[in-house]
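K.L.:
show me the folded form of this:
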Amino acid sequence: MQMLKRIVQPLIIEALSSMGVEQMPVEKMLQPSRELDQGDLALPCFPFAKRLGMAPAEIAEQLAKHVAEHPAIGEVSGVNGYLNIRANPVWIVEQLMEFGTQGSHPSPNRSVLIEHTSANPNGPFHVGRARNAILGDTLVRLHRLFGNDVTAEYYVDDMGKQVAVLAWALEHLSAEDVEAQLVGREPVNPSWKGKADHERVRWYQAAQAIRQGDESADEIEKIIGTMVHASENGDEAVLASFQAAYQPVLEGMLSTLGRLGIHFDRFTKESIFVTNGDVGRLMERLGNLEINGEADNGAQYLDLGARGLKGKTEFFYRRGDGSSLYATRDIAYHMWKWTQGGDLINVLGEDHKLQAKQVGMTLEELGEQRPEVVFYSFIKLPEGKMSTRRGNVVFMDDLLEEAKEQAAVVVRELRPHYEEEKISTIAEAVGTSAVRFNIIKVSPEKGFTFRWEDALTFEAGSAPFIMYSHTRACSIRKRVESEVGPIETVLSGNTEPEDNFSDGLITLLRVLAVHQDRVEKAVNDHRPHLFAEHMLHLANAYNAFYRDCHILSDGEVNGFYLWLSELARSIMKDGMEGLGLVAIEEM
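P.N.:
This next block holds a predicted model:
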């Protein structure tokens, strides 16, 4: 609780000084309590033991007696070697009424460019691919919630081998050829007929099958290799054929992401840095570096081992025929991104760690900065890793439809009087939110196995649980406006708190008081799952408050309770939007 820490920290330093302890890093040591029932802030006293010649538990107890009284402090105690400090609920109310959850020190605004998703446009999004998009979009949303100016960027791989395979297949294979190659595989879901990402992926998969086992595979491989080589040298005609192949697929993919509330501010093609000459100029610069080397076939590389890289130290940036590699173009892209202003954040799968390190070291060699990188682990199916190439995937479109259908069943059971149109709207919001939250709530570095029953749960710990708490607050607002009058008019009256605070009310105040702290940590540490956990705590706290505190009773409104309910409703709505959950008002 930063608003409390700013007040308590100097008091603790003064108390320690009176006990003979000086020059200790109290600011770093004083941290939020691990458990809410322990307090709001905790200071470990173990580092003081040697200096004072006392047991940590005794130090904590003595220190608690030396901390000066302050209206912000409700309770100070020493427990098991920790000094625990609990905020005064009345003081929290005063802070929230005056400053809101932002506190008296609003967060600084900074410019940030977040590149995420950048999936190869050769087929529909499956659940594994979608983790990048959902994680990246949530970071974009949380940065904006924190007050940062964010550009969400999609780097379009418009000249790689996978795009070349798709372009070759569309030109050389008929629909009959494709179906002959994919005998035994599940056909396109009729629901996605006409959606190019679902239809064209079959051409891609058929081409992959031919490349692996057909007698003409070697000849086809040469043709595809020639196309890739031409694209890497900026051949406009080949690049145009590539775009004609992938653009409808990309549009289908973006349609799916749009359903999840994921949108981009800018699309940048990989090929632009070849055609505008940036890559050529970059390779000249790299060739003049002291760590440049040349292989027997004329390919050029940087010896990053000379700069401390372990393992695979040769970073190839130019082929023997003079063409560039993907990583070379990635460096040119990052150099351009740094000219756009602001900090750079990339969201990448864990399989990109080595290349990200090589790119970062090369940028530094050129006098540029490294971007920040958020790595994530992959999602698996119970039977193994997902692959568009092999066809063993759960397509996101199918998952979203299943989520909507299951949500609709629940809504019909709970609200049989709702019309089908209303049920459909609620089910869509609940289903998409449930899928997003299932992925967000897992720490990025942790892989997990995707299971339908986990993604579509509607129990506590899920998106629908948070959404229901929000709709509960919305229903209170509507009841007050219906039975008493406009909220603004009602709140212009008495909103002074009563003398006695219930446990549920105090818990809600404490969770609201750390809301901005949780946003800040999720943003600065690139860990949106921490904010997801916080939103679950907020939903639980509101439910406890709702249970303990009667806002509207016999036509009479408790102004303070209504003010707190409205604050919680607003914060829940903002927090849900920060996670990409749909903040509907009825469920």
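
K.L.:
make it CA atoms for all contacts and neighbour counts henceforth
P.N.:
Fine.

K.L.:
the one helix or strand Leu538 maps to: what's the following helix or strand?
P.N.:
If you go by DSSP states H and E, Leu538 is part of helix 528-548. Counting by DSSP H and E, the next helix or strand C-terminal to helix 528-548 is strand 552-553.

K.L.:
please work out the average pLDDT along that following strand.
P.N.:
The average pLDDT within strand 552-553 is 88.

K.L.:
stretch 224-244 now?
P.N.:
Stretch 224-244 carries an average pLDDT of 92.

K.L.:
off-centre distance for the helix holding Leu538?
P.N.:
Distance, stretch centre to chain centre, for helix 528-548: 19 Å (C-alpha atoms, centre = their mean, to the nearest Å).

K.L.:
which residues touch it?
P.N.:
For helix 528-548, contacts defined as C-alpha atoms under 8 Å, 6 or more residues apart in numbering pick out 135, 138-139, 142, 437, 440-444, 461-462, 465-466, 469-470, 502-505, 507-508, 511-512, 515, 518-519, 521-522, 565, 568, 572, 575-576, 579.

K.L.:
I'd assumed Ile114 was in a strand, is it?
P.N.:
Yes. Ile114 forms part of a strand when assessed by DSSP: H, G, I helix; E, B strand; the rest coil.

K.L.:
which residues touch it?
P.N.:
Ile114 sits next to Gly136, Val140, Val150, Thr151, Ala152, Glu153, Leu344, Ile345, Asn346, Val347 when contact means C-alpha under 8 Å, 6+ apart.

K.L.:
swap the cut-off to 7 Å and go again
P.N.:
Going by C-alpha atoms under 7 Å, 6 or more residues apart in numbering, Ile114 touches Val140, Thr151, Ala152, Glu153, Leu344, Ile345, Asn346.

K.L.:
could you do Leu52 as well?
P.N.:
Contacts for Leu52 (C-alpha under 7 Å, 6+ apart) come out as none.

K.L.:
pLDDT wise, what is it at?
P.N.:
Note on Leu52: pLDDT of 88.

K.L.:
equivalent analysis for Pro106, please.
P.N.:
What the model reports for Pro106 is a pLDDT of 65.

K.L.:
circling back to that earlier point, out of the contacts of Ile114, flag the one nearest to Thr432.
P.N.:
Checking those against Thr432 by C-alpha to C-alpha gives Val140 as the nearest, at 17.9 Å.

K.L.:
show me where pLDDT drops low in the stretch 201-350 of the chain?
P.N.:
The model of the stretch 201-350 of the chain has no residue with pLDDT under 70.

K.L.:
next, the buried residues of the top helix by length along the chain.
P.N.:
When the chain is parsed with DSSP state H, its longest helix is helix 236-259. Neighbour-count burial for helix 236-259, counted by 16 or more other C-alpha atoms under 10 Å, picks out 238-239, 241-243, 245-250, 252-257.

K.L.:
repeat that for stretch 533-544.
P.N.:
His534, Met535, Leu536, His537, Leu538, Ala539, Asn540, Ala541, Tyr542, Asn543, Ala544.

K.L.:
redo the residues you listed as TSV? Include distance to Thr495 and pLDDT.
P.N.:
Shown next, in TSV, are the buried residues of stretch 533-544 (distance: C-alpha to C-alpha, whole Å; pLDDT from 0 to 100):
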residue	distance to Thr495	pLDDT
His534	27	96
Met535	26	96
Leu536	27	95
His537	25	94
Leu538	22	96
Ala539	23	95
Asn540	23	94
Ala541	20	95
Tyr542	18	96
Asn543	21	94
Ala544	20	94
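
K.L.:
mind putting these in CSV, distance to Glu496 included?
P.N.:
Listed next are the buried residues of stretch 533-544 as CSV, based on distance: C-alpha to C-alpha, whole Å:
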residue, distance to Glu496
His534, 27
Met535, 27
Leu536, 28
His537, 25
Leu538, 23
Ala539, 24
Asn540, 24
Ala541, 21
Tyr542, 19
Asn543, 22
Ala544, 21
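
K.L.:
and Gln406, what pLDDT?
P.N.:
On pLDDT, Gln406 comes in at 86.

K.L.:
count of residues packed around it?
P.N.:
18 (other C-alpha atoms under 10 Å).

K.L.:
Glu14 now?
P.N.:
Residues near Glu14, counting by other C-alpha under 10 Å, number 17.

K.L.:
which element is it on?
P.N.:
Applying DSSP H and E, one finds Glu14 within helix 2-18.

K.L.:
who does that helix touch, helix- and strand-wise?
P.N.:
helix 56-66 (3 or more C-alpha pairs under 7 Å, 6 or more residues apart in numbering; DSSP states H and E).

K.L.:
after the helix it packs on, next one along is what?
P.N.:
strand 73-79.

K.L.:
that following strand pairs with which strands, parallel or anti?
P.N.:
Looking at strand 73-79 with DSSP bridges, its partner strands are strand 82-87 (antiparallel).

K.L.:
so how far is the partner strand off the chain centroid?
P.N.:
In this view, strand 82-87 has its centroid 32 Å away from the chain centroid, taken as C-alpha atoms, centre = their mean.

K.L.:
can you pull out the strands in the stretch 51-200 of the chain?
P.N.:
Read by DSSP state E, counting those that start in this stretch, the stretch 51-200 of the chain holds these strands, from start to end of the chain: 73-79, 82-87, 111-115, 149-156.

K.L.:
pick the most buried one from these.
P.N.:
strand 82-87 (a mean of 25; mean count of other C-alpha atoms under 10 Å).

K.L.:
please save the CA atoms from it in CSV.
P.N.:
Presented in CSV, the C-alpha positions along strand 82-87 are these (Å, rounded to 0.1, in the frame of the first residue of the first chain):
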residue,chain,number,x,y,z
TYR,A,82,8.2,-9.0,11.4
LEU,A,83,6.8,-5.5,12.1
ASN,A,84,3.3,-5.5,10.8
ILE,A,85,1.4,-2.3,10.1
ARG,A,86,-2.3,-2.0,9.4
ALA,A,87,-3.9,1.1,7.9
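
K.L.:
and the longest helix of the chain, what does it pack onto?
P.N.:
helix 161-172, helix 196-213, helix 217-232.
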